[in-house]
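**Student:** Build me a model from this:
(chains A and B)
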2 protein chains.
Amino acid sequence: MISRIALDAMSGDHGPSVIIPAALQILAEIDDVQIIFVGDETVINQLIVGQPADIMQRLSIRHASQVIEMDDPPALALRNKRDSSMRVAINLVKQDEADACVSAGNTGALMATSRYVLKTLPGIDRPAIITAIPNSKYTSTHVLDLGANVDVSAEQLFQFAVMGSVLTNAVDNLSNPRIGLLNIGQEGIKGNEQVKEAAKLLTSSSSINYIGFVEGDDMFTGEVDVVVCDGFVGNVSLKTMEGVAKMISFYLKQSYNQNLWTKFAALVSLPVLNSLRKKIDPRRYNGASLLGLRGIVIKSHGGADQFSFAYAIREAIVEVQKNVPSQISHILATLLSERRHIE
Amino acid sequence: MISRIALDAMSGDHGPSVIIPAALQILAEIDDVQIIFVGDETVINQLIVGQPADIMQRLSIRHASQVIEMDDPPALALRNKRDSSMRVAINLVKQDEADACVSAGNTGALMATSRYVLKTLPGIDRPAIITAIPNSKYTSTHVLDLGANVDVSAEQLFQFAVMGSVLTNAVDNLSNPRIGLLNIGQEGIKGNEQVKEAAKLLTSSSSINYIGFVEGDDMFTGEVDVVVCDGFVGNVSLKTMEGVAKMISFYLKQSYNQNLWTKFAALVSLPVLNSLRKKIDPRRYNGASLLGLRGIVIKSHGGADQFSFAYAIREAIVEVQKNVPSQISHILATLLSERRHIE
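**Tutor:** The predicted model follows:
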C-alpha cells in the first residue's frame, strides 16, 4: 500500500530547507511513499532539482501562497489564511488526495484548522495531542493530552485512553497496551473528580487494559505504555521533562569543563556520552499525533532538523499503514455500545 | 534567639534511627537550637545516651504512645491517634512550647492534623506545600502547591503567590522574588480560567514581583524564583522531575557499564560524576513547608537519611528565625486592604 503524505513545507523554524531534505531522505529510504510538498512552488522547485527519476516520480508540489506564522492566533489563521501551506495540506487529506499531513507549524493553528477541515471522529468530543517519550526499559511511553484541552471531563479522559491505546497498539505493535491515569499519590487528597470518575469508566471497559493510577515518575519506568491526563498537566509534565534534561546536561557539561583532568575525563567518556545522548535524543521522539480527527495529522517540533523531521514523517507513514483513525472509530463504537448495554 | 524544634521522632521509613542522629548533628552544629523529641521515650533514650552535657541540656523528650503509619487515612489518624508522635509534636507548636515541628510522616495526615490543630492564617483559605528545586543558575526555585489542593480558585493561587514570595524572601534572602504562574504555552489554547484570573490579581498587586506566565521548562532556568500552580499540576511536575533524573542516572550508569573502556571512563570521570551528583542531590532540597498555618510545619521526605533529614531541620530553623507565618499574615493583610481600596 502506498502512503501519500502531504507536507506543510513552509512550516517550522527552518521551513523548506529542513523539510525537503528530510522528505527526500524518506523517499530514498522507503519505496511505497509519495510526498506532496505544499508551499511556495518556486522555493520548493529549487530544492528538488537534480533528484533521481525514481524519487521525482513519487513527489509532487501543490502551490500555496500564504504561510501561517508561529505567533498567528489560530482563529485569525483560520479566517484570513485560507491559502496557507498548512490549510492546503490538511485540505489534501480531506479531499483524499493525501493519507496524512505533517506540519512543523503553530500547534494552535494546526489543531484549529484540522478540527475545522477534517472534523472529529464519531464519539470523540475533542482531539488530543499524543507523543512518545523514552523510559528506562528501552521502549517508549505514550502520553496524552499534551495541551489541546486544558479542562477535560471524565468522558474525555476515557476517550483519550481509547485513542492512546489504539495508537500505541498500532505504532509499537503492542497487543494490549497498559493504560494508566495520571494522578497524585498523597493519601486522602488523591485526585480530582474527573480523574476518579474516569477511573470508573476505564475499569468497567473490557477491551482497555487499564492498570490504574500512575504518578509523574511512573511515566519513565516502562511499567505503563499509555499515560492519560488533561492537556494542562500533560503539557507541564512534558516541558518539565525537557527542562530537567536540559539542566542535567548543562551541569554535566559544566562538570566536565572544570579543569584539565575533567576535560581529559570528558574525552575518555565520549563514547559513553554519545551512547547516553542517543538513548534520550528527543529528535527520535519527534512527531506528535493529533488524535481523534477524521484523518491523520502529525505535528513536528518547530525547531526540528532534518534527522528529527524525518521521524515525524515516519510516524505519519506508520499511522497510515495501520489506519489509526478508523481503528479508533471502530474500538470506540464497540466500547460505547458495550457501556450502553450495561446501563 | 533560640529556635525550639519539635521532631516527630517516630516518623518516616527509618524513624528514630535516622531522626535522632540528624538532630544530634544539628545540636552540635548550631548553638541556639533546642530540640524536643516526640515519640517512644524508651527508644529515644537509648539513642541519646552518652551525649555531651551541652547537647543534653538543649534536648528534651516528650512521650507519645502512638505512631501514624504511612498508609493511615488522614481522617482516621486525626480521630483515633490523638497521642501520636505527629499530633503531640504539632500540639507543642500550638501550645507555644515549640516554634516549629518537623515530621517525615504521611503527608495527608500531617496536613490534616496541622490544619485541625493550628488553623490557617487569617486570609488563607487552605495551606499549601512548597519546596525548593535546583536550577541551572546554581540558586534554587521554589514551587507550590505540591499536592495539598487539587482544585484551586484564582484567589487561592494568589494566596500561594504571596506565601511563596514571603518564604523565598526569608529563606533565600531575596528581597524581591520573581513570581511566575505555571501555564501552558500554546497560542490560543493558553491556560484555564483560574490561571488567567489569578494573573489579573497578581498584576494589580503592588508588593508582588509578578513576572507573568512560565512554562514547565522555565522552572529550571533560574529566571523565576517562585512558581505557582495547583497541587495536582505541582505534584505531577515534581514527580516528573524525579522520574527523569532517575532515568538519566540509570542510562548514565548503563552507558558507563558497557565494556572495559567505558568502565575505565567511569573511573576517570568519578570526580565529575560526584560533582554532578552534589549539584542535583535531592537530599539537599529536603524539607517542604506547609505554608499558611498559624505555625511552622516542615515535611521531610519519608525515605530521608540523616544527611537529608538535617536539611529539613535547618529549614525549620530558618523559618523560625524569620518568623515566616507572621510575615505572611502581615503582607497578605496589606495586599488585601490595598485591593479593597482599589475596588
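
**Student:** which residue packs closest to A:Leu59, ignoring adjacent ones?
**Tutor:** In space, and not counting its chain neighbours, A:Leu59 is closest to A:Ile35: 4.8 Å by CB to CB, 6 or more residues apart in numbering or on different chains. Every residue, glycine included, has its C-beta placed from N, CA and C.

**Student:** Mind giving me the packing neighbours of the helix or strand hosting A:Ala28?
**Tutor:** Per DSSP states H and E: A:Ala28 is located in helix A:16-29. When contacts are defined as 3 or more CB pairs under 8 Å, 6 or more residues apart in numbering or on different chains; DSSP states H and E, helix A:16-29 packs onto strand A:3-8, strand A:33-39, helix A:41-48, helix A:53-56, helix A:306-322.

**Student:** Same list as before, these that is, but in TSV and with mean neighbour count included.
**Tutor:** Compiled in TSV, the helices and strands packed on helix A:16-29 are given as follows (neighbours: other CB atoms under 10 Å in any protein chain shown):
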stretch	mean neighbour count
strand A:3-8	27
strand A:33-39	24
helix A:41-48	15
helix A:53-56	11
helix A:306-322	22
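
**Student:** Buried ones in the helix holding A:Ala28, by neighbour count?
**Tutor:** A:16, A:18-24, A:26-27 (16 or more other CB atoms under 10 Å in any protein chain shown).

**Student:** now that helix against strand A:33-39, angle please.
**Tutor:** For helix A:16-29 against strand A:33-39, the angle by axes from the mean of the first three to the mean of the last three CA atoms, to 10 degrees is 170 degrees.

**Student:** count of residues packed around the residue nearest to A:Val324 when sequence neighbours are not counted?
**Tutor:** Spatial nearest neighbour of A:Val324, excluding adjacent residues (CB to CB, 6+ apart): A:Ala170 at 5.3 Å. For A:Ala170, the neighbour count with other CB atoms under 10 Å in any protein chain shown is 18.

**Student:** re earlier: could you dump the helices and strands packed on helix A:16-29 to CSV with mean pLDDT and distance to A:Glu338?
**Tutor:** CSV is the format used below for these (pLDDT from 0 to 100; distance: least, CB to CB, whole Å):
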stretch, mean pLDDT, distance to A:Glu338
strand A:3-8, 98, 32
strand A:33-39, 97, 37
helix A:41-48, 95, 48
helix A:53-56, 93, 47
helix A:306-322, 96, 23
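
**Student:** Sketch out the low-pLDDT regions of chain A for me.
**Tutor:** A:186-190, A:341-343 (pLDDT under 70).

**Student:** Spatially central residue for it, please.
**Tutor:** Central residue of chain A (CA atoms, centre = their mean): A:Ala288, 0.8 Å from the mean position.

**Student:** Quick check: A:Val38 touching A:Leu7?
**Tutor:** Yes - counting by CB atoms under 8 Å, A:Val38 touches A:Leu7, with 6.4 Å between them.

**Student:** who touches both of those two?
**Tutor:** Common neighbours of A:Val38 and A:Leu7 (criterion: CB atoms under 8 Å, 6 or more residues apart in numbering or on different chains): A:Ala89.

**Student:** From A:Ile298, how far off is A:Ala23?
**Tutor:** 13 Å (CB to CB, to the nearest Å).

**Student:** Quick one: the helices and strands packed on helix A:16-29 as a markdown table, columns for distance to B:Ala265 too.
**Tutor:** Shown next, in a markdown table, are the helices and strands packed on helix A:16-29 (distance: least, CB to CB, whole Å):
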| stretch | distance to B:Ala265 |
| --- | --- |
| strand A:3-8 | 41 |
| strand A:33-39 | 41 |
| helix A:41-48 | 42 |
| helix A:53-56 | 42 |
| helix A:306-322 | 26 |
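
**Student:** Going by contacts, tell me the helices and strands next to the helix or strand where A:Arg340 lies.
**Tutor:** Using DSSP H and E, A:Arg340 maps to helix A:324-342. On a contact count with 3+ CB pairs under 8 Å, 6+ apart, helix A:324-342 meets helix A:154-172, strand A:288-291.

**Student:** Report the buried residues of the longest one.
**Tutor:** Judged by neighbour count using 16+ other CB under 10 Å, the buried positions of helix A:154-172 are A:154, A:156-172.

**Student:** Show me what it is packed up against.
**Tutor:** Contacts defined by 3+ CB pairs under 8 Å, 6+ apart place helix A:154-172 against strand A:128-134, strand A:140-144, strand A:178-182, helix A:193-203, strand A:226-228, strand A:288-291, helix A:306-322, helix A:324-342.

**Student:** Could you check the angle it makes with helix A:193-203?
**Tutor:** Using the same axes, to 10 degrees: helix A:154-172 against helix A:193-203 is 60 degrees.

**Student:** Tell me what angle helix A:154-172 forms with strand A:140-144.
**Tutor:** 150 degrees.

**Student:** quick one, helix A:154-172 and strand A:128-134 angle?
**Tutor:** 50 degrees.

**Student:** okay, helix A:154-172 in CSV with CA atoms only?
**Tutor:** Backbone C-alpha positions of helix A:154-172 (Å, rounded to 0.1, in the frame of the first residue of the first chain) are rendered in CSV as follows:
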residue,chain,number,x,y,z
ALA,A,154,-14.1,12.1,32.8
GLU,A,155,-15.7,11.1,29.5
GLN,A,156,-12.9,12.9,27.6
LEU,A,157,-10.2,11.2,29.6
PHE,A,158,-11.9,7.9,28.7
GLN,A,159,-11.8,8.8,25.0
PHE,A,160,-8.1,9.8,25.4
ALA,A,161,-7.4,6.4,26.9
VAL,A,162,-9.1,4.6,23.9
MET,A,163,-7.2,6.7,21.4
GLY,A,164,-3.9,6.2,23.2
SER,A,165,-4.5,2.5,23.4
VAL,A,166,-5.2,2.2,19.6
LEU,A,167,-2.2,4.4,18.6
THR,A,168,0.3,2.5,20.9
ASN,A,169,-1.0,-0.8,19.6
ALA,A,170,-0.5,0.4,16.0
VAL,A,171,2.9,2.1,16.2
ASP,A,172,4.6,0.0,18.8
